[in-house]
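J.: What would the 3D arrangement of this be:
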Amino acid sequence: MRSRRVLLVLALAVLAIPFVVPTVWMVAASVKPLPEIFALSPWTKHPTLAAYGEAFSFQPFARQYVNSVYIAVLVTLITLVVSALGGYAFARIRFPGANALFLVVLTGLLVPSEVTIVPLFQLFKRAGMINTHWPLILVTALAAPCVLATFIMRQFFIALPVELEEAARLDGLGRPGIWLRICLPLAKPALSAVAILTFLASWNLYLEPTVYITSPELFTLPQALTRFTDAYGGQMWNTQLAAATMTVLPMLVVFVLAQRQFVEGLAHSGLK
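T.: A predicted model of the protein is given here:
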């Protein structure tokens, strides 16, 4: 039994190499002088943090960081509310055409964002929202990430015992009270999974900011990372890697701290 566990740990360690090594190389290269970036050794004898300062002086990186944070937080909050309401409605409220309507909602996962980007651009252009953050908030909060979140919440609410709602009704709670006081507190694992998935989807968004945003001070981080080039168009590798490190590490920390809730939420929803 112990030998099997050792073999399992070794197998997982080998499988983790393709994911861990690029991250370690990125962090190590971000403190290298520019001439040593492509050296075979991942380490340097002369580490420097100059690239981190250059990331903020070359463009308004601090402002762009704040843009990504507040957009991701706002999108996550909207998605949590919409998916919790929609998931509960599809799981517990019986109405004609519920299954057909849910199937229509799920088709949102099958439509690539590239297919809808042009009509959405025309729509936001007529509404005067181009070069603002509204398209990034609305498209992400009410599109595919929200559909996946609604599916996760629906699967979680279906698994809750019906007796809990029956007992709440005997105590005089109506449908809103049951949702708010009974179902939501029990749905913390699913809500955690939805929050992490939605935050990541918004944090990594690249196509939509490229289409809707033109002002550097309104850029989000994925868009900003492509702009670290010198006067001749060459890549500023150490500065770009330093900016990428500052972009990635907070998300890794959040996921490591919340991974138990994330796995538990997906397990309750029936997803693998």
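
J.: Show the pLDDT at the closest residue to residue 179 other than its chain neighbours.
T.: In this structure, residue 179 finds its nearest non-sequential neighbour in residue 88, 5.3 Å apart by CB to CB, 6 or more residues apart in numbering. All C-beta spots, glycine's among them, are computed from the backbone N, C-alpha and C. At residue 88, the pLDDT value in this model is 91.

J.: Repeat that for residue 263.
T.: If you check residue 263, the pLDDT there is 64.

J.: Repeat that for the one 4 residues further on.
T.: As predicted, residue 267 sits at a pLDDT of 57.

J.: Repeat that for residue 129.
T.: 92.

J.: so what's it closest to, chain neighbours aside?
T.: Using CB to CB, 6+ apart, the nearest residue to residue 129 is residue 135, at 5.6 Å.

J.: Equivalent analysis for residue 241, please.
T.: Nearest to residue 241 is residue 30, by CB to CB, 6+ apart, at 4.2 Å.

J.: What separation do you get for that neighbour and residue 251?
T.: In this view, residue 30 and residue 251 are 16 Å apart by CB to CB, to the nearest Å.

J.: Repeat that for residue 48.
T.: Separation of residue 48 from residue 251 (CB to CB): 25 Å.

J.: re the thing from before, residue 30 and residue 251 - which one has more neighbours?
T.: Between residue 30 and residue 251, residue 30 has the larger neighbour count (other CB atoms under 10 Å), namely 24 against 15.

J.: what sits against the more buried one?
T.: Contact analysis of residue 30 by CB atoms under 8 Å, 6 or more residues apart in numbering lists 51-52, 238, 241-242, 244-245.

J.: Repeat that for residue 65.
T.: Residues near residue 65 by CB under 8 Å, 6+ apart: 221, 246-247.

J.: my read is it is in a strand, agree?
T.: No: Residue 65: not assigned to a strand; according to DSSP: H, G, I helix; E, B strand; the rest coil it is helix.

J.: pLDDT at it, what is it?
T.: Predicted confidence (pLDDT) for residue 65: 92.

J.: residues in contact with residue 225?
T.: Contacts for residue 225 (CB under 8 Å, 6+ apart) come out as 240, 243-244, 247.

J.: Could you identify which of these has the most neighbours?
T.: That'd be residue 243 among these, by other CB under 10 Å, with 27 neighbours.

J.: Can you flag which of the contacts of residue 225 belong to helices?
T.: 240, 243-244, 247 (DSSP state H).

J.: Dump those to a markdown table, plus pLDDT and distance to residue 174.
T.: Shown next, in a markdown table, are the ones in helices among the contacts of residue 225 (pLDDT from 0 to 100; distance: CB to CB, whole Å):
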| residue | pLDDT | distance to residue 174 |
| --- | --- | --- |
| 240 | 88 | 55 |
| 243 | 90 | 51 |
| 244 | 90 | 50 |
| 247 | 90 | 45 |
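
J.: Residue 238: what's its closest spatial neighbour, skipping adjacent residues?
T.: Computed as CB to CB, 6+ apart, the closest residue to residue 238 that is not its neighbour in sequence is residue 51, at 4.1 Å.

J.: what sits against the one you found?
T.: So residue 51 contacts 30-31, 238-239, 241-242 (CB under 8 Å, 6+ apart).

J.: burial of residue 166, as a residue count?
T.: When neighbours are defined as other CB under 10 Å, residue 166 has 10 of them.

J.: Then the one 4 residues further on?
T.: Neighbourhood size, residue 170 [other CB under 10 Å]: 8.

J.: Mind pulling up the pLDDT for it?
T.: The model reports residue 170 with a pLDDT of 81.

J.: Equivalent analysis for residue 230, please.
T.: pLDDT, residue 230: 69.

J.: Quick check: residue 199 touching residue 76?
T.: Yes: using CB atoms under 8 Å, residue 199 makes contact with residue 76 at a distance of 4.9 Å.

J.: Report back the residue of this structure that's furthest from centre.
T.: residue 170 (39.8 Å; CA atoms, centre = their mean).

J.: ok, now which ones touch the most centrally placed residue in the chain?
T.: Geometric centre of the chain, nearest residue: residue 200, 1.3 Å, by CA atoms, centre = their mean. Shown in contact with residue 200 (CB under 8 Å, 6+ apart): residue 251.
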